[in-house]
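# show me the folded form of this:
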Amino acid sequence: MKKSVRAVVSIATVTALLLTGCGKSKEEIAQEEKAALKTDFSVNYDGIKLSEYKAGPSVHDPSIMEKDGTYYIYGSHMTAAKSSDLKKWETITVGASGYSESNPVYGKILKNEKPFVLTGKKTSPIPTDDGTTHVWAPDVKYSEKAGKYYMYLCTTSTFCASTVCYATSDSPEGPFEWQGNLVYSGFNMSNIDKTDVLDYVSEDHAKNTYMTNEGITYKNTEWPNAIDPTIFWDKDGRMWMTYGSWSGGIFILEIDEATGKVIRPEADPENDVDPYFGKRLIGGGHTSIEAPYIMYDKASDYYYLYVSYGGLTRTGGYQIRVFRSKTPDGEYVDMNGKAPKPGAGNPSYFGLKLSGNYLLPSLTMGYMATGHNSAFADKDGKRYVVNHTRFEKKGEFHEPRVHQYLTNEEGWPCMLPYQTDGETAAEKGYSKDEVVGEYYVINQGTKISADIALPFKLVLTEGGNVFGKDVTGTWTQKKDSYCMHITYNDVEYSGVFCKMKDEAGTECMTFSAVGNNESVWGVKYFG
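Numbers count the residues shown, from 1 in each chain. A predicted model of the protein is given here:
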């Protein structure tokens, strides 16, 4: 059943306040509204229906694409699933369990030794660090120019010895066949003959630039770990690939769409462009960052670079951050106009944090390690973030989740609190009756930790004030728009209102707002 929310400020009281408030200051009106409040700021979930947890397919690091109304996600360890509603997912690797040559999507890649020439695999003479096969983070897109589905993926054996390669198929359900290796990392002079690095740079350059100790050790803090490749098209139709991880950070290379191969750039050290690895966008110095995904948004004319921070385990503080740029190859910056560069220090100071660990009303447990996302816009222009989440009470098990996001007045993504259920934001905004009231609010901060953001209560009054336990502030809604602003604790957040359903199916009003690289979510139930 729906929660029965007590009246925050009665209509009669509000009317009296407004009528008698002529000539009064905003501070005086706020004092009168606060005095009229009849709410308990303690948090409880009495009367709120809980969602029914049902385990779904486990697709880690989900990258999404759509074909004729069907959505496909592809994940690490050679997993894949499909859905028609972005909520219920059906595994399409039926009859195979990840690393199996009978896997209908990835099996032909696994049979081929060439993707593993540097990194090795369980059945090859070259051992990996734990003796198992590692194939991570595939990204699949359809190319009109090539007339095929491109899959960009990586193989890896240690924290920096990795290979980005690509495969093609005539169907989103495979089979995909290996076409070539594109970028290697973690190589040294004893194994460089197994790569094509020297086709693009001289041996002298490789030895003196990428390696130390007389050409033996890879400079992993300066150059990338070749994992997590994803592709995108810019507004002029050029195809790009971004990739990378902790090690030397996130890099970008242009792709020849007709062939799927990398276009090597000219060296430009002043702009952090290497002729083999491409341009460094952000990160470096082996600080926390991985899983890059870039999406161009026509409405805002920005390129959004999503990355993940933290450790990917349940208590590792895994989370989604976003930067943006007016050009596909940067400069990408956060809400404060900054970006993590080599030597910049703690990465938690950089990037708008969209999602981390949180608990919301209707959830039976905290959602944790909500990271490694992709993003897309559907045919109606709705935009979504797709990520995996672990759970407070389920160990290291993980599932995919899809959240719609809206952009605020300044063009920053505001991720809606609950997984999507077909909601549509009211373009002309909402009435005050719909948005005024008592909200369960979480602020996800900017820390990288195992802490779960827990709800506290805020009241949005009809007079535009915000009250909580020892908290005062203000809020506004833009005329004829779902865009809103809320200020509390002297921080202003710019965001959106959206009526949607919680994960138990109960209708609620929500807001999602961002400021100072923090995300604030609010949930109000109707009485």
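# tell me how far the strand or helix carrying Tyr150 is from the chain's mean position?
Using DSSP states H and E, Tyr150 falls within strand 148-156. Remark: strand 148-156 is offset 20 Å from the chain centroid, using CA atoms, centre = their mean, to the nearest Å.
# please apply the same query to stretch 486-498.
21 Å.
# name the strands paired with the strand holding Tyr150 and say parallel or antiparallel.
strand 135-143 (antiparallel), strand 162-169 (antiparallel) (DSSP bridges).
# please save the CA atoms from the shortest one in CSV.
Presented in CSV, the C-alpha positions along strand 162-169 are these (Å, rounded to 0.1, in the frame of the first residue of the first chain):
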residue,chain,number,x,y,z
SER,A,162,46.4,-6.5,-22.0
THR,A,163,45.2,-6.4,-25.6
VAL,A,164,42.4,-4.5,-27.2
CYS,A,165,41.0,-6.4,-30.2
TYR,A,166,37.9,-6.4,-32.4
ALA,A,167,35.5,-8.9,-34.0
THR,A,168,32.5,-8.7,-36.4
SER,A,169,29.2,-10.5,-36.9
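# need the nearest residue in space to Tyr45, chain neighbours excluded.
Pro361 (5.6 Å; CB to CB, 6 or more residues apart in numbering). Bear in mind the C-beta positions are built from the backbone N, C-alpha and C, glycine included.
# neighbours of that neighbour, how many?
25 (other CB atoms under 10 Å).
# surely it and Trp521 touch.
No - because the distance of 10.7 Å does not satisfy CB atoms under 8 Å, Pro361 is recorded as not touching Trp521.
# what touches both of the two?
The contact sets of Pro361 and Trp521 do not overlap (CB atoms under 8 Å, 6 or more residues apart in numbering).
# next one: the residue nearest to Tyr45 from Arg264, what distance?
52 Å (CB to CB, to the nearest Å).
# again, but for Ile126
Counting by CB to CB, the gap from Ile126 to Arg264 is 26 Å.
# surely Cys483 touches Phe511?
No - between Cys483 and Phe511 there is no contact under CB under 8 Å: 10.3 Å.
# so which of the two has more stuff around it?
The neighbour comparison of Cys483 against Phe511 (other CB under 10 Å) goes to Phe511, with 27 against 22.
# what are the pairing partners of the helix or strand harbouring that one, and which direction each?
Phe511 belongs to strand 507-515 when assigned by DSSP H and E. Paired with strand 507-515 in the same sheet, following DSSP bridges, are strand 491-501 (antiparallel), strand 518-525 (antiparallel).
# most tightly surrounded among the ones you listed?
strand 518-525 (a mean of 24; mean count of other CB atoms under 10 Å).
# identify the residues contacting that one?
With CB under 8 Å, 6+ apart, strand 518-525 has contacts from 2-3, 5, 48, 352-355, 358, 360-361, 414-415, 417, 435, 437-446, 455, 458, 486, 491, 493, 495, 502, 506, 508-514.
# got the strands paired with strand 148-156 as a markdown table, with distance to His205 and mean neighbour count columns?
Compiled in a markdown table, the strands paired with strand 148-156 are given as follows (distance: least, CB to CB, whole Å; neighbours: other CB atoms under 10 Å):
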| stretch | distance to His205 | mean neighbour count |
| --- | --- | --- |
| strand 135-143 | 28 | 22 |
| strand 162-169 | 20 | 24 |
